[in-house]
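[1] Sequence and computational prediction follow.
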Amino acid sequence: MKKSYIEILRVIATLAVVLLHINMTLPANYTKTELGLFNYALFENMYMLVSWAVPVFFMISGALLLEPSKHIDLNKVKKYLGKMLVILFTFGSFYAFLEIFFYERSIKINYILRAVWNVVIGKSWDHLWYIYVLIGLYILLIPLKCIVDKLDTQLFEIFLMFLIVGCFVIPSINNYFNLTIKDCMLISDPVVYFMLGYYISMTKRDLRNISLIGIFISPIMLVVTTTLDVYGYGNGIAANAQTCNIFRLYFAVSIFYLIKRLFENRGGGFTIQYANKSLKQFHHCL
């Protein structure tokens, strides 16, 4: 059965990703001098305020693939990997070929092989990085499923705390304050989001207060640190550009939990009919 809150998260995260790329168009192609400090800071801040979207997609994947009722074996992993590899090489080779064409200004047969090789070594279209990460998560899917199935709730929470400290807290402290604290627990942050998605989808703990604080505090801190970075105060404030950002983590987790809390008991999925009904109720109130 479809989970309503998962469908709603997909919708809002998709819209946020669109805004994310729109907001980065100018800062990615023009300097602070060309745009002006205020405009540059505005676009950077708008980007950071929707940067929770991609982590939420990783959390959605974890919530769906690691749930207890989901049986994961080698055949399923091969199936998932097969689909992702077809998508990667189909679209990746096409975009890689276009990049070669626009650079060389000519078409040759060997460009096709170059395009395929560029996909293999990760030099395809930049936006396809998400597919590479998903392939990595699928490769790790069986061991990750074993971890969540074998550990009890308390041990799993302790495990998650260590992952968050190593992957988000220490890197953020190092970046914000220009320190070099040794971090022996650092792993790939998508893995942490993946497992957090499972945990939040399954937890019975009441995290409303923590999440409500996160909804207000996280965007404020992202805006403050991003603005300081743009205006050149300090060397470590550019941590906002890092994926292992503790405020981005808090923001994404808060949004995921609150949407789950609001909509998890609504049956039937988030359909067009449900959206129309909500709009009619809204107009009636007006």
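    Happy to help now that I have it. Keep in mind the model is a prediction, meaning the values are calculated, not measured.
[2] Could you use CA atoms for every contact and neighbour count after this?
    Will do.
[3] hang on, isn't residue 247 packed against residue 222?
    Yes: counting by CA atoms under 8 Å, residue 247 touches residue 222, with 6.6 Å between them.
[4] Now do the contacts for residue 141.
    Residue 141 makes contacts with 72, 77, as judged by CA atoms under 8 Å, 6 or more residues apart in numbering.
[5] Distance of it relative to residue 221?
    For residue 141, the distance to residue 221 under the criterion CA to CA, to the nearest Å works out to 33 Å.
[6] cool, and residue 45?
    In this view, residue 45 and residue 221 are 11 Å apart by CA to CA.
[7] Also residue 176?
    Computed as CA to CA, the residue 176 to residue 221 distance reads 12 Å.
[8] Kindly report the same for residue 145.
    When distances are taken as CA to CA, residue 145 and residue 221 turn out to be 34 Å apart.
[9] Tell me where this structure has helices.
    If DSSP state H is used as the criterion, the helices of the chain fall at 4-29, 32-35, 37-49, 53-65, 74-104, 110-120, 129-139, 141-150, 153-164, 170-177, 189-202, 208-230, 246-263, 272-285.
[10] number of nearby residues for residue 117?
    Around residue 117 there are 16 other residues, counting by other CA atoms under 10 Å.
[11] what's near enough to touch it?
    When contacts are counted by CA under 8 Å, 6+ apart, residue 117 is found next to no other residue.
[12] What pLDDT does the model give it?
    What the model reports for residue 117 is a pLDDT of 93.
[13] Low-confidence stretches in the stretch 151-286 of the chain?
    Of all residues in the stretch 151-286 of the chain, those with pLDDT under 70 make up the ranges 233-242, 266-286.
[14] that older thread, which of residue 176 and residue 221 has more neighbours?
    Between residue 176 and residue 221, residue 176 has the larger neighbour count (other CA under 10 Å), namely 19 against 14.
[15] Contact partners for residue 142?
    By CA under 8 Å, 6+ apart, the residues touching residue 142 are 72-74, 77.
[16] Just the buried ones from those residues?
    Neighbour-count burial (16 or more other CA atoms under 10 Å) applied to the contacts of residue 142 gives 72, 77.
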